[in-house]
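Participant: All I have is the shape, not the residue letters:
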């Protein structure tokens, strides 16, 4: 059993090291931007924005992250008047540090919000036409 890294017991370099270990051990999933929230009053949290790109590739990158997180929960949000569709995923790194992974699309149709397994199935449906080359762009292969 693992627990989230509490900043009373660790330092910012500890959190960064935990993220690095997870990233390397998970096959180096896509990272466009990474931020770490450390308040000193509880567990640290990591937020990752996957690299932007075509909708199918962003969905593939998100699925790769989904595979690496424990207790992953996914929410697909349709476009609003000010933003395009997006996907938010929360879970834990292998050491228990809380993580949020986000992907944004410039265009693309999402019918209503999708949550949990319905959101994961929607992501899988978006990558079906990418072809066999896409795992190489993500750092490895996705399990079936």
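Facilitator: Yes, it's here. These numbers come from a predicted model, not from an experiment. Numbering: from 1, shown residues only.

Participant: all contacts plus neighbour counts: C-alpha atoms, from now on.
Facilitator: Noted.

Participant: For the residue nearest in space to the middle of the chain, grab phi and psi.
Facilitator: Centroid-nearest residue in the chain: residue 101, 3.1 Å away (criterion: Cα atoms, centre = their mean). Backbone geometry at residue 101, expressed as degrees, to the nearest 10, gives phi -120, psi 130.

Participant: pretty sure it contacts residue 65?
Facilitator: Yes - contact criterion Cα atoms under 8 Å: residue 101 and residue 65 qualify, at 7.5 Å.

Participant: returning to that earlier point: need the contact list for the residue nearest to the centre of the chain.
Facilitator: Shown in contact with residue 101 (Cα atoms under 8 Å, 6 or more residues apart in numbering): 47, 48, 49, 50, 62, 65, 88, 89, 90.

Participant: got it, and residue 127?
Facilitator: Contacts of residue 127 (Cα under 8 Å, 6+ apart): 56, 57, 59, 60.

Participant: how about a cut-off of 6 Å?
Facilitator: Residues near residue 127 by Cα atoms under 6 Å, 6 or more residues apart in numbering: 56, 60.

Participant: Report pLDDT for it.
Facilitator: The score at residue 127 is 85. That number is its pLDDT.

Participant: I'd like the contacts of residue 101 as CSV, with pLDDT, neighbour count and distance to residue 15 appended.
Facilitator: CSV is the format used below for the contacts of residue 101 (pLDDT from 0 to 100; neighbours: other Cα atoms under 10 Å; distance: Cα to Cα, whole Å):
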residue, pLDDT, neighbour count, distance to residue 15
47, 91, 18, 12
48, 90, 20, 14
49, 91, 19, 17
50, 90, 21, 19
62, 92, 28, 22
65, 90, 28, 18
88, 93, 19, 21
89, 95, 25, 19
90, 95, 21, 17
